[in-house]
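J.: The following comprises the amino acid sequence and a computationally predicted model.
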Amino acid sequence: MMIRLAISITLEIYREYAGCRFVVLDAKKGKDPKFDPIHFYRKMGFKILKQREKGTVPMYLDIWLKGTGGST
């Protein structure tokens, strides 16, 4: 719910006030690959910015495409 709220606020800013283009996050890798949060964020349309072996994985969502009706 928090991610959807952040996306809707970003879309509002994009449409009304400024040229916001991306929502960026760092997904913390899970110990069990089956329950890795990256899968959750991918379902929401996020893409991996850079694959890392340790730590977090930076991901982004291009809201320009989402806000203009384009495909993600």
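T.: Nice, I can see it.

J.: three-state assignment of the closest residue in space to Asp36 that isn't next to it in sequence?
T.: Nearest-residue entry for Asp36: Gly30, 4.3 Å, with adjacent residues in sequence omitted and distances by Cβ to Cβ, 6 or more residues apart in numbering. C-beta: built from backbone N, CA, C; applies to glycine. On the three-state scheme (DSSP: H, G, I helix; E, B strand; the rest coil), Gly30 is labelled coil.

J.: Wait, Gly30 touches Tyr41, no?
T.: No. Here Gly30 does not reach Tyr41: they are 11.9 Å apart, not a contact under Cβ atoms under 8 Å.

J.: Of these two, give the one with the bigger neighbour count.
T.: Tyr41 (19 against 13; other Cβ atoms under 10 Å).

J.: Kindly list the main-chain dihedrals of that one?
T.: Backbone dihedrals for Tyr41, given as degrees, to the nearest 10, come out at phi -70, psi -30.

J.: quick one: pLDDT of it?
T.: Predicted confidence (pLDDT) for Tyr41: 91.

J.: and it, what is it in contact with?
T.: Applying Cβ atoms under 8 Å, 6 or more residues apart in numbering, we find Tyr41 in contact with Ile3, Leu25, Ala27, Met59.

J.: That's all I had, so thanks and see you.
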